[in-house]
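[1] quick one, what's the 3D model for this:
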Amino acid sequence: MKLTERTRINIHPERSVPEEAVEILSAGFVAHLGFVQDGQPYVIPLSYHYDADQPDRMFLHGATRSRALKLIANGDPVCVTVTLVDGLVYSRKAMNHSINYRSVILLGKAHPVTSETEKFELFDKMVQRYFPDRTLDQDYNHPPSADLGATALVEVQIEEWSAKARRGGPTGPDDDKSDALGSAGVIDLREL
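    Down below sits the predicted model:
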């Protein structure tokens, strides 16, 4: 994926991890879609499908009545973010509290997926990604045409992205001193 001035990380560039973008997008559950309508920016959460075998595409899922999906399906530029929160970082100094995270910001253009067959295949892949132990026709029914027609699926053609991660412990001036006032450490959310 190409990196441009728009996707260059300016604050903490040492945290840039473009090589992890596919892994982050594959592991995430919620994508936040950014779009502008009549000069007003909006950001909304959506479920999505991402397949590492097709790294330049992401599929966003929602209702056919969704103004966001209707708006972006005409090819307007979009911004989508996916963030994984790995830990809460606490410090002896309030300013040095932080979050360990991995995130991807991607820019692209979208268009609707209208083929019922393609929609079914992608929705089935989404179910498998979110619920890997569920099986079609065993754990859930094949969706009727009416359900597929009532559900919007928009493909985002990814043009560029950046990935960033914060890892490690607190960075306050006294955080490594065991005799200093207060406490410091990391609550690892991946273990909860």
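[2] let's test this: mean pLDDT of stretch 34-54, rounded?
    On average, the pLDDT along stretch 34-54 is 93.
[3] er, stretch 178-192 actually
    Mean pLDDT, computed over stretch 178-192, is 92.
[4] may I see the buried residues of it?
    In terms of neighbour count (16 or more other Cβ atoms under 10 Å), stretch 178-192 has its buried residues at 184, 186. Bear in mind the C-beta positions are built from the backbone N, C-alpha and C, glycine included.
[5] for stretch 119-131, same thing?
    Neighbour counts over stretch 119-131 (16+ other Cβ under 10 Å) mark 119-120, 122-123, 126-127, 129 as buried.
[6] and that stretch, how far from the chain's centre?
    Taking Cα atoms, centre = their mean, to the nearest Å, one finds the center of stretch 119-131 at 17 Å from the center of the full chain.
[7] ok, stretch 72-90 next?
    On the basis of Cα atoms, centre = their mean, stretch 72-90 is displaced by 4 Å from the centre of the chain it belongs to.
[8] OK, contacts around Ser103?
    Contact partners of Ser103, counting by Cβ atoms under 8 Å, 6 or more residues apart in numbering, are 24, 81-84, 163-165.
[9] turn those residues into JSON lines, columns for distance to Leu71, secondary structure and pLDDT.
    As requested, the contacts of Ser103 are arranged in JSON lines below (distance: Cβ to Cβ, whole Å; DSSP: H, G, I helix; E, B strand; the rest coil; pLDDT from 0 to 100):
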{"residue": "Ile24", "distance to Leu71": "26", "secondary structure": "helix", "pLDDT": "98"}
{"residue": "Thr81", "distance to Leu71": "18", "secondary structure": "strand", "pLDDT": "98"}
{"residue": "Val82", "distance to Leu71": "20", "secondary structure": "strand", "pLDDT": "98"}
{"residue": "Thr83", "distance to Leu71": "23", "secondary structure": "strand", "pLDDT": "98"}
{"residue": "Leu84", "distance to Leu71": "27", "secondary structure": "strand", "pLDDT": "98"}
{"residue": "Ala163", "distance to Leu71": "26", "secondary structure": "strand", "pLDDT": "97"}
{"residue": "Lys164", "distance to Leu71": "27", "secondary structure": "strand", "pLDDT": "98"}
{"residue": "Ala165", "distance to Leu71": "31", "secondary structure": "strand", "pLDDT": "98"}
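[10] next, count neighbours for Thr64.
    When neighbours are defined as other Cβ atoms under 10 Å, Thr64 has 12 of them.
[11] tell me the pLDDT of it.
    In this prediction, Thr64 carries a pLDDT score of 89.
[12] need the max-distance pair from the contacts of Ser103.
    Thr81 and Ala165 (13.6 Å; Cβ to Cβ).
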